[in-house]
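J.: what's the 3D shape of this:
(chains A and B)
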Amino acid sequence: MTLSGVDAMIAPMSKYPFNEIEKKWQAYWEESQSFAVTEDESIPQEKRIYVLDMFPYPSGSGLHVGHPEGYTATDIYCRYLRMNGYNVLHPMGFDSFGLPAENYAIQTGTHPKITTERNIENFRRQIKSLGFSYDWSREVSTHESSYYRWTQWIFIQLFNKGLAYESNTPINWCDTCKTGLANEEVKEGRCERCGTLVVRRNIRQWVLKITEYADRLLEDLDSLAWPESVKLMQKNWIGRSEGASVLFRIDGMEESLEVFTTRADTLFGATYMVISPEHPLVSALTTADNRGAVEAYLDEVAHKSDLERTDLAKEKTGVFSGSWAINPVNGEKIPIWIADYVLISYGSGAIMAVPAHDERDWEFAKKFGLPIVEVLKSEVSVQEAAWVEDGVHVNSGFLDGLNKDDAIEAMIAWLESRGLGRRAVNYKLRDWIFSRQRYWGEPIPLVHCPSCGTVPVPESELPLLLPEVQSYEPSGTGESPLATIDSWVNTTCPVCSGPAKRETNTMPQWAGSCWYYLRYLDPHNNTEFVSSQKERYWMPVDLYVGGAEHAVLHLLYARFWHKVLYDLGKVSTSEPFTRLINQGMITSYAFQRKDKSLVPTDMVDELEDGRFIERQSGEALERVIAKMSKSLKNVINPDQIIAEYGADSMRMYEMFMGPLEVSKPWSTAGLVGVYRFLDRIWRLYTERTIVDEEPSQALLKSLHKTIKKVSEDTKSLNFNTAIAQMMIMVNELYKEESLNRRIGETFILLLAPYVPHLSEELWQRLGHTKSLINAPWPLWDERLTVDNTVTIVFQVNGKVRSKAEVAMGLADEQALAMAKADEKVAKWLEGKSVVREIVVADKLVNIVVR
RNA sequence: GCCGGCGUGGUGAAAUUGGUAGACACGUCAGACUCAAAAUCUGAUGGAUGAAUAAUCCGUAUCGGUUCGAUUCCGAUCGCCGGUACCA
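T.: As a prediction, the model looks like this:
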């Protein structure tokens, strides 16, 4: 027999009325505004808490099973906190500007606003169907003018502070998206969104000076309770390196070349220099004899993509300029080359090359026959390979005998004293290319006036509304569709009232998400982006949960804007998100042939013995874990899960799968297990007689152990083990004939954050007239969580040979005596001499013999 | 290449100031209920040898080390995942 469609939906046979219950309680919460919060000043500071989910982009395909994972985690945590007396801010909204809606508009002519709002409605319905305790009165969507008015306002603050500038330098251009991209949006030379190879293109761009905040963005990472991996990624992205800036005179010219180096100690080994093909001095340094070759090279480089310049260019290329520089430490004349392994965007776009001690320079020197001079004692000849380790300096004048670190210090001091160089710091982080040549985004609120220059739109005129256009098609020439609307472009200068033109670029999708967590605090404020009273009441965000894909992009940009707002005195904290958790991805099973190709799930049969075969060929397949994808037909739709098993099962299963932070494969069979657990609870409360007598000591102990475990694990977000403990408790309760009221009521409260609908229903059926969302969280009695007896193990040479049930707190000597008296232990001690005896109280006795 | 993280039964996973490996759940097997099946309830279930609920051995990617004792600490190797890509 074969099962068609592996992991097919298994309709539950016994059916507790989840559908009815869930509808009923969702309607109740909505009607009674159960989760709306206010800034109640009587609640002490430490009882105010802000728990935030990364808001979704409302895509056309609806909610994915990955979304509810983080949302369920924060929901459980929030419900737990409310029952513990906290005033909890827990909002939700939509990151609703973005390319998919615009691309859809280009194909169909449907306005992005229409599709976006339709998608938002669907997302909201789906999110609500899971019974999350959001304060929906605070919902925001970034595409609404009442929201982007303030995004524009913040941009003007950045502009006024001198943090926004126009640039004409080459930028990353995606020809599919027809727009410029930030450096962070380029992954392996390709557009992060669509995978198209990025090309360099000169397009006028608005750029934000995030580099001005590089140091603070780096330093303040230390203060954050974030995953180390995310902090490290940001740290690497900022890429601070300390070194020196050194000036090289050019032989026969007034100009000099500035280079940045982290290895000032190797200056005596600098045998040539390299400047980037885009360096401003390229033309000046090229001599007549070399002009032909240089121009040919520049032309060749210009036609390479960024990927070819980096990844594929294993072989170094370059050309001699004809000019010579003077090495400031020894006065030697060294040639200046032009090569594309030097990037214009890092440092000064020029380097001193030390082939003996740098692998890239070594490779280049070998190819072009440039001299290689050893300046650190190397273990292998520097003619054979570059030596990049530490060592003792040689051939280096006053540095001879020093190690690397001391020599760097000595050299910088020497350069500084002669005015030839200075200590310097460089960053890998580059300024943020902020403009997009697209329609569906916030218009940048600037006006270009021929006499006043670029001036911001007056704040009183915000929002600067996104106009209607005939065509959403980007021009591809570097102008957005807005540029085609003359009536919109042509305006008057806010300063001199003369004719002027509007900026036609729009902001990137990141803009709206840079500050949404602030707008939730005061979403309907028409006079300020957020009132400072409300900001101080809630900020910073205590817990932020979302996907790891935002480790650099969103989180870095949001931190940057937040710091700017902090410097302007608009917010009270220097960091927005105190604690961050990345939920793991929910993956799915996929089936792999021997050649590693994947087979769509609906083409696979599972044999009775558990093996998997491809239906058509009969080929045996291996079950592997893969990302969910439409092509593999292994995407799970939350709507379908909720319809068949209910929201409570969906929520609890996603939490039971494993730790929040790790990625884990979806298994509908696993979901059924959780469903059965909830069904068992339902029958426990509805089919058994409820008795009011005093519970047994044993049951009371189980209960208190459960209260303790669930309390601690919920607080620390270890939901999977909290659920396991609740299952143990239910298994205990099933051994009884009837249900004890006291135990039953307490247990429902523990269950409530996890499966709120079922819990509310059972709570009501137990006779309560008030919802349990603000019922006090149960407390445990520590004395009832410890057992009177404990099993201790008897080991001989570290191997368990016997065990015994003993009273808690048994004295060491007694434990040892028991072990020695044990028959099985005695067998292993026979004929041996005892060398050592180890007793760990209430745990074990280990007798070491020889 | 470099930087992180991870590797535990047939499956998802528990357990780490070093102290009974595999809680809980899925699956499988057996029993109860039933005319029967499903559902439900109860029990068993890491592997090997074994009639065995006896006993012994093996077992937390691999190899080695520290220790009375290692899933946990250290070193090396392999594999998978994520980040990054000539950053001077």
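J.: where does the prediction get shaky in the stretch 1-150 of chain A?
T.: A:1-14 (pLDDT under 70).
J.: where along it do the helices fall?
T.: A:18-31, A:66-83, A:99-108, A:112-128, A:145-160 (DSSP state H, counting those that start in this stretch).
J.: tell me the most buried of these?
T.: helix A:66-83 (a mean of 23; mean count of other C-beta atoms under 10 Å). Heads up, the C-betas are built off the backbone N, CA and C, glycines and all.
J.: that one and RNA strand B in contact?
T.: No: residues of helix A:66-83 are not located near RNA strand B by C-beta under 7 Å from any atom of the strand, the shortest gap being 12.5 Å.
J.: that helix packs against which elements?
T.: strand A:48-53, strand A:87-89, strand A:543-546, helix A:647-656, helix A:697-715 (3 or more C-beta pairs under 8 Å, 6 or more residues apart in numbering; DSSP states H and E).
J.: can you put those in CSV and add distance to residue A:356?
T.: Formatted as CSV, the helices and strands packed on helix A:66-83 follow (distance: least, C-beta to C-beta, whole Å):
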stretch, distance to residue A:356
strand A:48-53, 53
strand A:87-89, 60
strand A:543-546, 47
helix A:647-656, 57
helix A:697-715, 58
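J.: mind checking which of these is nearest RNA strand B?
T.: Evaluated with C-beta to the nearest atom of the strand, the helices and strands packed on helix A:66-83 place helix A:647-656 nearest to RNA strand B, the distance being 6.6 Å.
J.: now do the helix or strand following that closest one: distance to the chain's middle.
T.: Beyond helix A:647-656 on the C-terminal side, the first helix or strand identified by DSSP states H and E is strand A:664-665. Relative to the chain's own centre, strand A:664-665 is displaced by 18 Å; criterion: C-alpha atoms, centre = their mean, to the nearest Å.
J.: tell me the strands beside strand A:664-665, with direction?
T.: strand A:586-592 (parallel) (DSSP bridges).
J.: restricting to C-alpha, output the partner strand in CSV.
T.: Once non-C-alpha atoms are left out, strand A:586-592 reads as follows in CSV (Å, rounded to 0.1, in the frame of the first residue of the first chain):
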residue,chain,number,x,y,z
ILE,A,586,10.1,26.8,9.8
THR,A,587,11.3,24.4,7.1
SER,A,588,9.7,21.5,5.5
TYR,A,589,10.6,18.0,4.3
ALA,A,590,11.7,17.5,0.7
PHE,A,591,12.7,14.5,-1.1
GLN,A,592,16.1,14.1,-2.8
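J.: if we look at that strand, which residues are touching it?
T.: Under the criterion C-beta atoms under 8 Å, 6 or more residues apart in numbering, residues A:6-7, A:65-66, A:69, A:598-599, A:601, A:604, A:612, A:614, A:621-628, A:632, A:634-636, A:654, A:657, A:663-667 lie in contact with strand A:586-592.
J.: tell me, what's the model's pLDDT at the closest residue to residue A:766 other than its chain neighbours?
T.: Closest residue in space to residue A:766, ignoring its immediate chain neighbours: residue A:745 at 5.9 Å, by C-beta to C-beta, 6 or more residues apart in numbering. pLDDT for residue A:745: 95.
J.: can I take it that residue A:745 is in a helix?
T.: Yes: applying DSSP: H, G, I helix; E, B strand; the rest coil, one finds residue A:745 inside a helix.
J.: what about it, neighbour count?
T.: Around residue A:745 there are 19 other residues, counting by other C-beta atoms under 10 Å.
J.: quick one: it from residue A:52, how far?
T.: Separation of residue A:745 from residue A:52 (C-beta to C-beta, to the nearest Å): 32 Å.
J.: residue contacts, residue A:124?
T.: residue A:139 are the contacts of residue A:124 under C-beta under 8 Å, 6+ apart.
J.: shaky segments in chain A?
T.: For chain A, the ranges with pLDDT under 70 are A:1-14, A:305-307, A:310-314, A:476, A:608-610.
J.: what residues are up against residue A:612?
T.: A:6, A:591, A:604-606, A:620-623.
J.: now it: closest residue in space that isn't a chain neighbour?
T.: Counting by C-beta to C-beta, 6+ apart, the residue nearest residue A:612 is residue A:621, at 4.5 Å.
J.: what's the distance between residue A:520 and RNA strand B?
T.: 28 Å (C-beta to the nearest atom of the strand, to the nearest Å).
J.: and what of residue A:424?
T.: Counting by C-beta to the nearest atom of the strand - residue A:424 and RNA strand B are separated by 10 Å.
J.: just residue A:180 next, same as before
T.: Residue A:180 is 16 Å from RNA strand B, by C-beta to the nearest atom of the strand.
J.: those residues of the stretch 701-850 of chain A touching RNA strand B, which are they?
T.: So the stretch 701-850 of chain A meets RNA strand B at A:718, A:720-721, A:723-724, A:727-728, A:731, A:734-735, A:790-791, A:793, A:795, A:797-801, A:803, A:824, A:827, A:836, A:838, A:840, A:843-844, A:846, A:848 (C-beta under 7 Å from any atom of the strand).
J.: any of those residues buried? List them.
T.: For those, a neighbour count by 16 or more other C-beta atoms under 10 Å gives the buried set as A:718, A:720-721, A:723, A:790, A:793, A:795, A:801, A:844, A:846.
J.: quick check: residue A:242 touching residue A:263?
T.: No: the criterion here is C-beta atoms under 8 Å, and residue A:242 misses it with residue A:263 at 11.2 Å.
J.: out of the two, which sits in the busier spot?
T.: Higher neighbour count among residue A:242 and residue A:263: residue A:263, with 21 against 11, using other C-beta under 10 Å.
J.: tell me the first helix or strand C-terminal of the strand of greatest length in chain A.
T.: Once chain A is assigned using DSSP state E, the strand that runs over the most residues is strand A:240-250. Using DSSP H and E, the helix or strand that follows strand A:240-250 in sequence is strand A:256-261.
J.: show me the residues of the stretch 701-850 of chain A next to RNA strand B that map onto helices.
T.: A:720-721, A:723-724, A:727-728, A:731, A:824, A:827 (DSSP state H).
J.: show me which pair in the residues you listed is furthest apart.
T.: Maximum pairwise distance in these, criterion C-beta to C-beta, is 42.7 Å, between A:723 and A:827.
J.: re the thing from before, dump the ones in helices among the residues of the stretch 701-850 of chain A next to RNA strand B to CSV, plus distance to residue A:695.
T.: Converted to CSV, these look like this (distance: C-beta to C-beta, whole Å):
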residue, distance to residue A:695
A:720, 27
A:721, 24
A:723, 23
A:724, 22
A:727, 19
A:728, 16
A:731, 16
A:824, 38
A:827, 44
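J.: next one: residue A:645 from residue A:550, what distance?
T.: 30 Å.
J.: show me which residues of the stretch 301-450 of chain A sit near RNA strand B.
T.: So far as C-beta under 7 Å from any atom of the strand goes, the stretch 301-450 of chain A lies against RNA strand B at A:309-311, A:313, A:316, A:340-343, A:345-347, A:349, A:351-352, A:358, A:360, A:426, A:428.
J.: cutoff 6 Å now
T.: Contact residues, the stretch 301-450 of chain A versus RNA strand B (C-beta under 6 Å from any atom of the strand): A:309-311, A:313, A:316, A:340-343, A:346-347, A:349, A:351, A:360, A:426, A:428.
J.: how about the closest residue to residue A:700 other than its chain neighbours, what does it touch?
T.: The shortest distance from residue A:700 to any non-neighbouring residue, by C-beta to C-beta, 6+ apart, is to residue A:784 (5.9 Å). Contacts for residue A:784 were tallied using C-beta under 8 Å, 6+ apart; they are A:700-701, A:703-705.
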